[in-house]
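Chemist: Requesting a structural model of the entry that follows:
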Amino acid sequence: MELFDVYPLFDIAIEHGEGCRVWDGKGQEYLDLYGGHAVISVGHAHPHYVEAISSQVAKLGFYSNSVQNPLQQELAHTLGKVSGYEDYQLFLINSGAEANENALKLASFYNGRTRVLSAEKAFHGRTSLAVEATANPKIIAPINANGHVTYLPLNDLEAWRSELEKGDVCAVILECIQGVGGIRLVEASFLQGLRELCDKYDTVLICDEIQCGYGRSGKFFAHQWLDVKPDMITVAKGICNGFPMGGVLIAPKFKPVYGQLGTTFGGNHLGCAGALAVLDIIESEQLVENARRVGEHLMTELLKMKENPSEGQRVHITGVRGRGLMIGIELDVPYKETRNRLIYEEHVFTGCSGTHVIRLLPPLCLTMEEADEFLEKFRRVLA
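Modeler: Now for the predicted structure:
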């Protein structure tokens with residue numbers, strides 16, 4: 001049997017990592033500014049995380065949600081305290097797509113409606129309703145194209161108002177920083193206006209913090225830059241530093257009903273132990289503050305490179321967007337050659353968006369020295 005070949009792969013096999021660095025099977029070291037697609041939040045093989053996972057699996061890796069799991073309660077309490085959402089409830093699942101799927105389902109149970117508003121260039125997952133809320137027809141299968149979702153321009157409040165005024169919208173779902181969409185930021189006035197409209201028409205406001213949350217933006221959640229509280233917040237990726245886990249933070253107005261939501265693997269003992277270790281590390285090492293500080297440095301230096309390119313430079317920067325350690329660098333040429341040279345010549349992993357954007361999603365422990373190392377290598381590639 002062979003693998004179902006759906007991924008275009010680099011000719012590199014990563015075997016181990018430490019902090020913001022990984023090594024392939026040939027011993028080549030790479031600076032990791034991709035973090036396994038924003039999943040590695042506290043760094044590869046962090047000793048405290050390794051100890052928590054190892055200790056827990058030696059005791060009990062899994063039992064079903066038919067019995068009490070004190071680790072779930074501890075995780076809910078700690079996440080509420082660290083994030084500032086102590087009055088919210090937590091539902092644990094396995095992935096970001098599941099988080100958005102369950103949030104949308106719960107919204108529909110709440111108000112009985114079926115229409116969803118999503119932003120152009122949004123990405124919310126690859127399952128059923130989550131993929132229908134993703135503005136990419138190439139990945140929406142015919143069985144998922146059920147007409148539930150209307151896509152609207154990001155930050156165009158009047159366009160969203162005209163739909164919400166119809167009174168039949170179940171939920172609004174938004175990434176406060178679009179990842180796949182090219183690191184596009186939601187404006188404060190837009191999100192604040194949506195909050196007012198959702199309150200007026202009893203529509204549920206869901207903030208998808210799967211990629212932009214968990215400290216990546218320089219606040220615990222990206223929407224906290226915009227002074228708005230959503231009804232639900234979806235999380236995954238960095239929540240467990242590589243172990244599959246997701247969750248929905250749910251406002252007090254939603255009342256749980258036995259059997260309405262459920263999961264086999266979600267909130268298992270091993271995942272909860274890892275997620276608690278992640279929060280411990282984020283707090284003790286002040287990684288949210290580090291993401292803000294190092295991210296501001298990267299943004300400042302990248303903007304200088306945009307405004308003052310070297311004489312005879314081959315590739316030019318046309319835009320720099322982002323917050324914290326979630327940064328998009330738009331180029332005047334397709335990103336492919338630049339990204340390949342970063343990987344194969346300079347040994348730096350980055351992400352990408354669309355056709356022209358290099359995307360930086362490093363672990364939150366990226367140091368100032370590592371940021372400068374990237375900048376030096378990036379300058380060489382641009383030249």
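
Chemist: Can you read off the pLDDT for Ala222?
Modeler: Note on Ala222: pLDDT of 98.

Chemist: any chance you could map the helices in the protein?
Modeler: For the chain, the helices defined by DSSP state H cover 35-38, 47-59, 70-83, 96-111, 128-132, 157-164, 188-200, 269-284, 287-307, 335-344, 368-382.

Chemist: Which one of those helices lies nearest to Thr150?
Modeler: Thr150 lies closest to helix 157-164 among these, at 6.0 Å (Cβ to Cβ). To be clear about C-beta, it is placed using only N, CA and C from the backbone, and glycine gets the same treatment.

Chemist: for that closest one, packing partners?
Modeler: Helices and strands touching helix 157-164, by 3 or more Cβ pairs under 8 Å, 6 or more residues apart in numbering; DSSP states H and E, are strand 115-119, strand 149-152, strand 169-174, helix 188-200.

Chemist: What are the contacting residues of it?
Modeler: Under the criterion Cβ atoms under 8 Å, 6 or more residues apart in numbering, residues 117, 150, 152-153, 169, 172, 189-190, 193-194, 197-198, 200-201, 203 lie in contact with helix 157-164.

Chemist: Quick one, which of those residues are buried?
Modeler: For the contacts of helix 157-164, a burial check counting by 16 or more other Cβ atoms under 10 Å picks out 117, 152, 169, 172, 190, 193-194, 197-198, 201, 203.

Chemist: related to what we said a few turns ago, identify, from the contacts of helix 157-164, the entry nearest to Leu71.
Modeler: Nearest to Leu71, judged by Cβ to Cβ, of these is Val172 at 32.7 Å.

Chemist: Surely Arg314 is in contact with Leu382?
Modeler: Yes. Counting by Cβ atoms under 8 Å, Arg314 touches Leu382, with 6.6 Å between them.

Chemist: Those two - which one has more neighbours?
Modeler: More crowded of Arg314 and Leu382, by other Cβ atoms under 10 Å: Leu382, with 18 against 12.

Chemist: For the closest residue to the more buried one other than its chain neighbours, give its distance to Val235.
Modeler: Spatially, and ignoring its direct neighbours in sequence, Leu382 is nearest to Val315 (4.7 Å; Cβ to Cβ, 6 or more residues apart in numbering). Applying Cβ to Cβ, to the nearest Å, the value for Val315 to Val235 is 35 Å.

Chemist: Of those two, which one has the most company?
Modeler: The neighbour comparison of Val315 against Val235 (other Cβ under 10 Å) goes to Val235, with 27 against 17.

Chemist: where's that one relative to Asp168, distance?
Modeler: Relative to Asp168, Val235 is positioned 28 Å away (Cβ to Cβ).

Chemist: and what of Ile93?
Modeler: With Cβ to Cβ as the criterion, Ile93 and Asp168 are 28 Å apart.

Chemist: and if you look at His148?
Modeler: His148 sits 11 Å away from Asp168, going by Cβ to Cβ.

Chemist: if I look at Arg314 and Leu382, which residues touch both of them?
Modeler: Joint contacts of Arg314 and Leu382 (Cβ under 8 Å, 6+ apart) do not exist.

Chemist: Can you add distance to Val288 and give the helices and strands packed on helix 157-164 back as JSON lines?
Modeler: What follows is the helices and strands packed on helix 157-164, written out as JSON lines (distance: least, Cβ to Cβ, whole Å):
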{"stretch": "strand 115-119", "distance to Val288": "25"}
{"stretch": "strand 149-152", "distance to Val288": "31"}
{"stretch": "strand 169-174", "distance to Val288": "21"}
{"stretch": "helix 188-200", "distance to Val288": "19"}
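
Chemist: contacting residues for Gly271?
Modeler: Per Cβ under 8 Å, 6+ apart, neighbours of Gly271: 92, 240, 243-245, 265.

Chemist: now with 6 Å?
Modeler: Contact partners of Gly271, counting by Cβ atoms under 6 Å, 6 or more residues apart in numbering, are 240, 243, 245.

Chemist: possible to save the residues you listed as TSV with distance to Gln178 and pLDDT?
Modeler: Converted to TSV, the contacts of Gly271 look like this (distance: Cβ to Cβ, whole Å; pLDDT from 0 to 100):
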residue	distance to Gln178	pLDDT
Cys240	23	98
Phe243	25	97
Met245	23	98
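
Chemist: and the residue nearest to Gly262 when sequence neighbours are not counted, how far is that from Leu276?
Modeler: In space, and not counting its chain neighbours, Gly262 is closest to Asn65: 7.4 Å by Cβ to Cβ, 6+ apart. Counting by Cβ to Cβ, the gap from Asn65 to Leu276 is 18 Å.

Chemist: Distance-wise, check Ala107 relative to Ala133.
Modeler: 11 Å.

Chemist: So the two - more neighbours on which side?
Modeler: More crowded of Ala107 and Ala133, by other Cβ under 10 Å: Ala133, with 28 against 23.

Chemist: Give the bridge partners for Ile233, please.
Modeler: Cys207, Leu249 (DSSP bridges).

Chemist: That one and Leu205 touch, don't they?
Modeler: No. Assessed by Cβ atoms under 6 Å, Ile233 is found out of contact with Leu205, at 9.8 Å.

Chemist: List the contacts of the residue nearest to the spatial centre of the chain.
Modeler: Residue closest to the average C-alpha location in the chain (Cα atoms, centre = their mean): Gln211, at 0.6 Å. Taking Cβ under 6 Å, 6+ apart as the contact definition, Gln211 lies against 38, 179, 237.
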